[in-house]
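Student: This is a predicted model, with the sequence first.
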Amino acid sequence: MAYEIRWSPEARDHLATLPAHQRALAVDGVERHLTGQPDEPSRKRKLLRDNPLAAWELRLGDLRVFYDVNENDNAIEVVAVGIKEHNCLRIAGEEFTL
């Protein structure tokens, strides 16, 4: 069963700060990797420890997409999109610590 993808307003704002090729990579990656089994860990999907951002992380090269899974609605909500450079995560140009 396919999951519905929902983008939070904040995640849409984060996408807007990225160059076009990275926006396309993020949107395509979310559709490719999260519509089937978003709650199954893989090389690209990781269940995170408790944090204020989201329960899951999707890795797409240096991009990170943070999302939550809503099993009741068969939906995922993308809550943030950022860029990981070494040990630094930047979301909308600001450094963020998980």
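Tutor: Noted; the coordinates are in hand. Residues are numbered from 1 along each chain as shown.
Student: which residues are in contact with the helix or strand where Lys46 lies?
Tutor: For Lys46, the host element (DSSP states H and E) is strand 45-47. The contact list for strand 45-47 (C-beta atoms under 8 Å, 6 or more residues apart in numbering) reads 33-34, 38, 41, 55-59. For every residue, glycine as well, the C-beta is placed using N, CA and C.
Student: Can I get the buried part of these as one ChimeraX selection?
Tutor: Paste this into ChimeraX to select the buried members of the contacts of strand 45-47, with burial taken from 16 or more other C-beta atoms under 10 Å:
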select :33,34,38,56,57,58,59
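Student: Just want the phi and psi numbers for Ala80.
Tutor: phi -160, psi 150 (degrees, to the nearest 10).
Student: longest helix in this structure, by residue count?
Tutor: helix 20-34 (DSSP state H).
Student: Other residues contacting it?
Tutor: 3, 5, 15-16, 18, 42, 44-45, 58, 60-61, 63, 65, 67, 76, 78, 81, 83.
Student: ok, of the contacts of strand 45-47, which one's closest to Glu95?
Tutor: Glu57 (16.7 Å; C-beta to C-beta).
Student: For the closest one, which non-adjacent residue is closest in space?
Tutor: Lys46 (4.8 Å; C-beta to C-beta, 6 or more residues apart in numbering).
Student: bridging residues for the most centrally placed residue in the chain?
Tutor: Centroid-nearest residue in the chain: Val65, 1.8 Å away (criterion: C-alpha atoms, centre = their mean). Residues in a beta bridge with Val65, per DSSP bridges, are Leu58, Val81.
Student: how near is it to Asn51?
Tutor: 15 Å (C-beta to C-beta, to the nearest Å).
Student: how about Glu10, secondary structure?
Tutor: Assigned with DSSP: H, G, I helix; E, B strand; the rest coil, Glu10 falls in the helix class.
Student: re earlier: quick one: which of the contacts of helix 20-34 sit in strands?
Tutor: Among the contacts of helix 20-34, DSSP state E puts 5, 45, 58, 60, 63, 65, 67, 76, 78, 81, 83 in strands.
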